[in-house]
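Novice: got a structure for you, letters missing:
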């Protein structure tokens, strides 16, 4: 270290960065003649400009054919800009035949100067990584919940009749006192909000796995395969040259993949992801759908999908297929299109007439698509609803139609299966819930549940069981029904007044309903746990309660046939499960007895210590007393006899 009292000398000046550290080599560029060199340099400069200031571009020329050699040198003003160009620009597709391979000049020099004699690498100490799926090893296959209240965030195992704490932290999500938390789609990470960005946590010890610096983030979205996270900051100013309002990050590396402009107050989520994270798309209403490819984050085929007047689109949950619709305009009818990606091949189209609005609703496993069409009558004074039900896995994608004149309150697909349910009617307290089945070649009405006070439906993730709920302005009545056949009846019902949320656990065993303070409710906030049959199991009233979320599970490794086999043979496991439940209850009883025994031992120990202290205290008191004279110590014994009349019996003896 330099002596601070010594004068500076030229040797103290900081050394400039090596020239190679600011230069990158781009291989895979087109080979052009001298007349097109300047144009190609401008194109490469435009591609590289988002990474920093381009000082110069040098493109070597082959003297034999007077054409480029297929690579060039690009110099940036700083080392950091060059590293970002290598990291984010590598793999950039200029066109169908040219893919950039980018290397740092410093790395090139390092490889050139590699010593001839091999040196064995040094041994590194093994560092065990966190098992991010450790919660799946629970022997009773129990699920976890996260609870947000006040400034605290708690994670619990959810048992049948109670919960046990796993982790509890104050200000875990501390952007503000009511900042939310969020699980990733497969439950691997817990995302928390902070003033300077987003953190992801996981593993048995809930260590921080990743951190993304993006101040004042309001909303996030994690891609279906948990490879990327999207963050949106409303406080970041607009900058078209370096967009920072919406950022896509790589979760494992923590690198920023690309930034986007919010373009006003965006409708969240801004991007919709394909099921395999290969593509994400953004709607520019009325103009186009921009589909981007990962990991390059570039437009598919270098251009957006131009669709005049496009209103909405959606990805299939199981295939790289999108569906979108356009409204009527003049003599042109409304049009629904189902398209395969990346080929942009139209798989099916439908012309629609007298359309007021459309909604696109996919079944979770991607087997069916519902196009919820609100149509005008011929007089255009009233509307009715038509449901177009597409069989996506069948040849030519056939479609069933269902017309309803009633007002539609809610539509929901059975996640696994062939059923769907609709709440319809005109009076909130006298609605009808109709359950239909598409398993046969024709549409079948399974059952009508009449006169229900409901406005939303929640299917079990395993299918079959359905919660018909009245939330918001209704009375918070929840009806639990089994939709197996036409004879199915209500299994149970209950009420959770002012309930604002309802969610099934990932296995379909339990349902949580909650009342959140986010909805300006100050009393009776908290959550309830119900069995799938509608029996209330737990009630937890928590002041300043905001949020409770089940931890998602990754998709099962069993196929549909294996799952059906488990359901068929369930009764053979029933006695085993009942024995485990009985053992669990006996364990709970044993825990109570052990707790009582520990309390008794604690009391007896306290008594023993108190007696010992009393003996010591008596000895000390005797030592403090003055000595008693010997004559007073002598005692004279006096014996005294006392007679006492106890009882008198008089008995007359006859002669």
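Specialist: Sure, I can see it. Since the model is a prediction, treat every value here as computed from it, not as a measurement.

Novice: Would you mind checking which helix or strand in this structure has the lowest mean pLDDT?
Specialist: Using mean pLDDT, DSSP states H and E, helix 630-633 stands out as the lowest-scoring helix or strand of the chain, at a mean of 60.

Novice: Helices of this structure, residue ranges please.
Specialist: All helices of the chain, identified by DSSP state H, fall at 34-48, 79-89, 105-112, 560-568, 570-624, 630-633.

Novice: Mind putting those helices into JSON lines with distance to residue 138 and mean neighbour count?
Specialist: Glycine gets a C-beta too; all of them are placed from N, C-alpha and C. Written out in JSON lines, the entries for the helices of the chain read as follows (distance: least, CB to CB, whole Å; neighbours: other CB atoms under 10 Å):
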{"stretch": "helix 34-48", "distance to residue 138": "50", "mean neighbour count": "14"}
{"stretch": "helix 79-89", "distance to residue 138": "39", "mean neighbour count": "19"}
{"stretch": "helix 105-112", "distance to residue 138": "46", "mean neighbour count": "14"}
{"stretch": "helix 560-568", "distance to residue 138": "18", "mean neighbour count": "11"}
{"stretch": "helix 570-624", "distance to residue 138": "13", "mean neighbour count": "10"}
{"stretch": "helix 630-633", "distance to residue 138": "76", "mean neighbour count": "7"}
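
Novice: To residue 249, which of those lies closest?
Specialist: Taking CB to CB, helix 79-89 is the member of the helices of the chain nearest to residue 249, at 11.9 Å.

Novice: Can you name every helix or strand that that closest one contacts?
Specialist: If you count contacts as 3 or more CB pairs under 8 Å, 6 or more residues apart in numbering; DSSP states H and E, helix 79-89 packs onto strand 23-27, helix 34-48, strand 71-76, strand 101-104, strand 256-260.

Novice: Just want the angle from the longest one to helix 79-89.
Specialist: Meaning helix 34-48. 100 degrees (axes from the mean of the first three to the mean of the last three CA atoms, to 10 degrees).

Novice: same for helix 34-48, what does it pack against?
Specialist: With contacts taken as 3+ CB pairs under 8 Å, 6+ apart, helix 34-48 sits against strand 54-58, strand 71-76, helix 79-89.

Novice: Between strand 71-76 and it, find me the angle.
Specialist: Here helix 34-48 points in a direction 50 degrees away from that of strand 71-76 (the same axes, to 10 degrees).

Novice: How about residues contacting helix 34-48?
Specialist: Contacts to helix 34-48, defined as CB atoms under 8 Å, 6 or more residues apart in numbering, come from residues 26, 29-30, 32, 54, 57, 59, 61, 66, 68, 72, 74, 76, 85, 89, 92, 94, 100.

Novice: Please pick the buried ones from these.
Specialist: Among the contacts of helix 34-48, the ones that count as buried by 16 or more other CB atoms under 10 Å are 26, 29, 32, 54, 57, 59, 68, 72, 74, 76, 85, 89, 92, 94, 100.

Novice: Could you point out which of these is nearest to residue 189?
Specialist: Closest approach between the buried ones among the contacts of helix 34-48 and residue 189, by CB to CB: residue 89, at 28.1 Å.

Novice: residue contacts, that closest one?
Specialist: For residue 89, the set of contacting residues under the criterion of CB under 8 Å, 6+ apart consists of 24, 26, 47, 48, 51, 100, 102.

Novice: Residue 50 versus that one, what's the distance?
Specialist: 9 Å (CB to CB, to the nearest Å).

Novice: quick one: low-confidence ranges for the stretch 551-655 of the chain?
Specialist: Filtered on pLDDT under 70, the stretch 551-655 of the chain yields the residue ranges 585, 587-590, 627-637, 652, 654-655.

Novice: let's go with 80 and repeat that
Specialist: Filtered on pLDDT under 80, the stretch 551-655 of the chain yields the residue ranges 560, 567, 570-571, 573-574, 576-594, 625-639, 642-655.

Novice: ditto for the stretch 101-250 of the chain
Specialist: In the prediction, the stretch 101-250 of the chain carries residues with pLDDT under 80 at positions 108-114, 124, 126-129, 177, 241.

Novice: in it, which spans are strands?
Specialist: If you assign secondary structure with DSSP state E, counting those that start in this stretch, the strands in the stretch 101-250 of the chain sit at 101-104, 143-149, 152-158, 163-170, 181-183, 190-194, 197-202, 207-213, 217-222, 228-233, 246-250.

Novice: Just to check, residue 317 is in contact with residue 362?
Specialist: Yes. Under the criterion of CB atoms under 8 Å, residue 317 lies in contact with residue 362, with a separation of 5.5 Å.

Novice: Fine by me, we can end here.
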